[in-house]
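Participant: Next comes the sequence, and after it the predicted model I'd like to discuss.
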Amino acid sequence: MLAAPHRRFVLSSLVVALGLAGCGGGSSSSGSGAVIQLKAEPAVAVINGQAVPQALLEALARLRQLDLSKPEDYEKAFKELTEYVLLAQEAQREKLADDPAYAASVEVGRLQAVANASVLTLRAKAQIDPSILMADYEDQLAKVGKFSYDLTQLVFATEEEALKAAGEVVSGKPFGTVFNEYNGTARQARSFAQMRLPQLPPDIAAALQALKAGETMKVPIQTQAGWHLIHVDKIEPFVAPPFERVRDAIRERMATQLVDERVAKLREEADIKLVGQAPKPAEPAAAAEPAAAGDKKD
C-alpha cells in the first residue's frame, strides 16, 4: 500500500484521465456513466464493465518511474491504477460530487493535473538550438574557473581577533598550529574540499587567486559571517564533465526558463478581473503613546 502523500500526488496527476471531475453530472450521477474519459483502445483491463486504457497504465508508470517490462513494477502500477478506478466508480455510486466542497476539490486537482502535464509537454517541445546549449556550457565553465581549492579557515567575530591570528602566521607559526590554538574560540574552524570560485564570496574568491597551495592570506577578509583567515591546502585543475553528459540537464534548465517566461507573459496579457472583495492586509498595531513627564509607570 502506498503512503498517503504519494497517493495524493498521483491522484491529482491522474484525476483528469480518470474523469473524477465528471462524477456529479449527467449520466455519471446515475451510477451508469463511464468514469474514464479517454479512448479505451487498446485496453489493459475491464473493471466492473469499464474498459481501462493501456495509456493510463503507461502514464502512471511514468509518474511513478516504474518499468512495465518488470513484473514487480507492472504489478505495482496495475494495482494502483485499479484502486483509482474502483474509487472513481464508488464516488459515482455514492454521488460524492453532489457535495460542492468535494466537487471543488476534484476540480482543483484536475486543473493542477492539466497545468502540470502542460508544463511538461511544453518543456519537451521547446525548440533550443544545440549551439545555444553549447554556448551556455562554455559560459558556465568560464564562471566556474580552471581550479578547485581545498581550504581551511578560521572565522572570527572581530577584526582584532582575526588580525592577531593572522599576525602569528605571518611571524612564522604554522597555520595548523594557529588553527588548533583558536579552534575553541573562533566563530568557525572548518575545512572545505573541492571548492570553486563561484561558490565563494567575491572578495574571498579574488584573494584566493593570489595564493598558492600551502599559503595563508595575510590580511583577513570580512563577510556577513565574520572575519575570515583562510589557508589554501591544495589547488587542483578543475575537470569539468563533458558536454554530452550535461547537455540534457542544460536543455531542461533552459526549457524550464522558457516555459516560466511564457506563463508570466500569459498572466501579463490575460484579462483577469477579481470578482468580490479580496481580504485586506492586517493593519499594523498602533504604537503606544509615550508617557507624559512625571507620569508614574507600574
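Facilitator: Structure's in. What do you need? Bear in mind that the values here come from a model prediction, so they are computed numbers and not experimental data.

Participant: Please count neighbours and contacts with C-alpha atoms only from this point.
Facilitator: Noted.

Participant: so which helix or strand takes in V52?
Facilitator: Secondary structure assigned from DSSP states H and E places V52 in strand 50-53.

Participant: Point out the other helices and strands that the helix or strand that that strand is followed by packs with.
Facilitator: Past strand 50-53, further along toward the C-terminus, the next helix or strand under DSSP H and E is helix 54-64. Of the remaining helices and strands, those touching helix 54-64 by 3 or more C-alpha pairs under 8 Å, 6 or more residues apart in numbering; DSSP states H and E are helix 4-18, strand 43-47, helix 71-93.

Participant: and helix 54-64, which residues are buried?
Facilitator: In terms of neighbour count (16 or more other C-alpha atoms under 10 Å), helix 54-64 has its buried residues at A55, L56, L57, E58, L60, A61.

Participant: and if you look at stretch 214-228?
Facilitator: Buried residues in stretch 214-228 (16+ other C-alpha under 10 Å): E215, T216, M217, K218, V219, P220, I221, Q222, G226, W227, H228.

Participant: and if you look at stretch 228-240?
Facilitator: Along stretch 228-240, the positions that meet the burial threshold by neighbour count (16+ other C-alpha under 10 Å) are H228, L229, I230, H231, V232, D233, K234, I235, F238.

Participant: now, among those, which is nearest to Y182?
Facilitator: L229 (11.3 Å; C-alpha to C-alpha).

Participant: quick one: contacts for that closest one?
Facilitator: If a contact means C-alpha atoms under 8 Å, 6 or more residues apart in numbering, then L229 has Q153, L154, V155, A162, A165, A166, T216, M217, K218, V219, P220, I221 as its contacts.

Participant: Next, the third one: secondary structure please.
Facilitator: Spelled out, that is V155. In the three-state summary, V155 is assigned as strand, counting by DSSP: H, G, I helix; E, B strand; the rest coil.

Participant: secondary structure element for D67?
Facilitator: Secondary structure from DSSP H and E places D67 outside every helix and strand.

Participant: neighbours around it, how many?
Facilitator: 14 (other C-alpha atoms under 10 Å).

Participant: Could you pull up phi and psi at S148?
Facilitator: According to degrees, to the nearest 10, the main-chain angles of S148 amount to phi -120, psi 150.

Participant: Repeat that for D233.
Facilitator: phi -80, psi -40.

Participant: Now do the contacts for it.
Facilitator: Per C-alpha under 8 Å, 6+ apart, neighbours of D233: Y149, D150, L151, T152, A213, G214, E215.

Participant: repeat that for 10 Å
Facilitator: D233 makes contact with Y149, D150, L151, T152, S191, F192, A193, K212, A213, G214, E215, T216 under the criterion C-alpha atoms under 10 Å, 6 or more residues apart in numbering.

Participant: Which of those residues has the largest number of neighbours?
Facilitator: Using other C-alpha under 10 Å as the neighbour test, the contacts of D233 are led by T216, with 23 neighbours.

Participant: nearest residue to that one other than its sequence neighbours?
Facilitator: In this structure, T216 finds its nearest non-sequential neighbour in H231, 4.2 Å apart by C-alpha to C-alpha, 6 or more residues apart in numbering.

Participant: wait, doesn't the one you found sit right on V219?
Facilitator: No - if you go by C-alpha atoms under 10 Å, H231 and V219 don't touch, sitting 11.4 Å apart.

Participant: picking that back up, among the contacts of D233, which lie within strands?
Facilitator: Among the contacts of D233, the subset assigned to strands under DSSP state E consists of Y149, D150, L151, T152, S191, F192, A193.

Participant: Between the residues you listed, which sits nearest E283?
Facilitator: Nearest to E283 among those is F192, at 46.9 Å by C-alpha to C-alpha.

Participant: Kindly state the beta-bridge partners for the spatially closest residue to that closest one that is not a sequence neighbour.
Facilitator: What sits nearest to F192 in space, not counting adjacent residues and going by C-alpha to C-alpha, 6+ apart, is L151, at 5.1 Å. The bridge-partner assignment for L151, based on DSSP bridges, gives F192, V232.

Participant: what's the spacing between L151 and Q199?
Facilitator: Separation of L151 from Q199 (C-alpha to C-alpha, to the nearest Å) stands at 13 Å.

Participant: So, low pLDDT: which residues of the protein?
Facilitator: Of all residues in the chain, those with pLDDT under 70 make up the ranges 1-32, 285-298.

Participant: The same query, at a cut-off of 50, please.
Facilitator: Along the chain, segments meeting pLDDT under 50 span 1-31, 291-298.
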